[in-house]
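> based on what follows, work out the 3D shape:
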Amino acid sequence: MTGNEQLVNWDSFSQARTELGANFVRILGYFREDGVKSVARIEEAMRANNAASMVIPAHTLKGEARQFGADPLADLAETIEMAARSCVERQDTPTNVLEHVVALRPLFEATLALLERESNPLVERRPVFGRRSLAG
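Reported below is the predicted structural model:
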């Protein structure tokens, strides 16, 4: 994935922010918590060669990512979900899913950082001068 690839559809993000209103930050927090768990479960399932255990966390991550406009993340989660479902149907191990699972965590973390930065821009705009910088 190149740095130029857009990780968030900002129109969808803005729409979610408007629709969720005061609940937006709380629901984004749920996305963070659920996403961390989903990524970990997918990775654990990959290590165990257990395709069936990938399906639900990938499906959950797909839906939640799509809600916030995180389309590349949602697409990757969907790819993992569909490949895992196919493996279950064929009673096969998910070896063909490995490259997608490896790409999942860095994409999730980069996407989450953008979403959180956009939802709380004051965090990124803190002055670099002050007591802490002088104490160092």
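> going forward, measure contacts and count neighbours with C-alpha atoms only.
Noted.
> so what's the spatially most central residue of the chain closest to, chain neighbours aside?
The chain has residue 108 as the residue nearest its centroid, 3.4 Å off, counting by C-alpha atoms, centre = their mean. Excluding the flanking residues, the one nearest residue 108 by C-alpha to C-alpha, 6 or more residues apart in numbering is residue 73, at 6.4 Å.
> name the helix or strand for the one you found, please.
helix 71-90 (DSSP states H and E).
> so where is the chain shaky, pLDDT-wise?
1-5, 121-136 (pLDDT under 70).
> one more time with 90, if that's ok
For the chain, the stretches with pLDDT under 90 are 1-5, 119-136.
> need phi/psi at residue 49.
Taking degrees, to the nearest 10, you get phi 50, psi 40 for the backbone angles of residue 49.
> what sits against it?
Neighbouring residues of residue 49 by C-alpha atoms under 8 Å, 6 or more residues apart in numbering: 93-95.
> only whichever of those are buried, select them in PyMOL.
Selection of buried members from the contacts of residue 49 for PyMOL, criterion 16 or more other C-alpha atoms under 10 Å:
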select buried, resi 93+94
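> show me which of the contacts of residue 49 is closest to residue 57.
residue 94 (14.8 Å; C-alpha to C-alpha).
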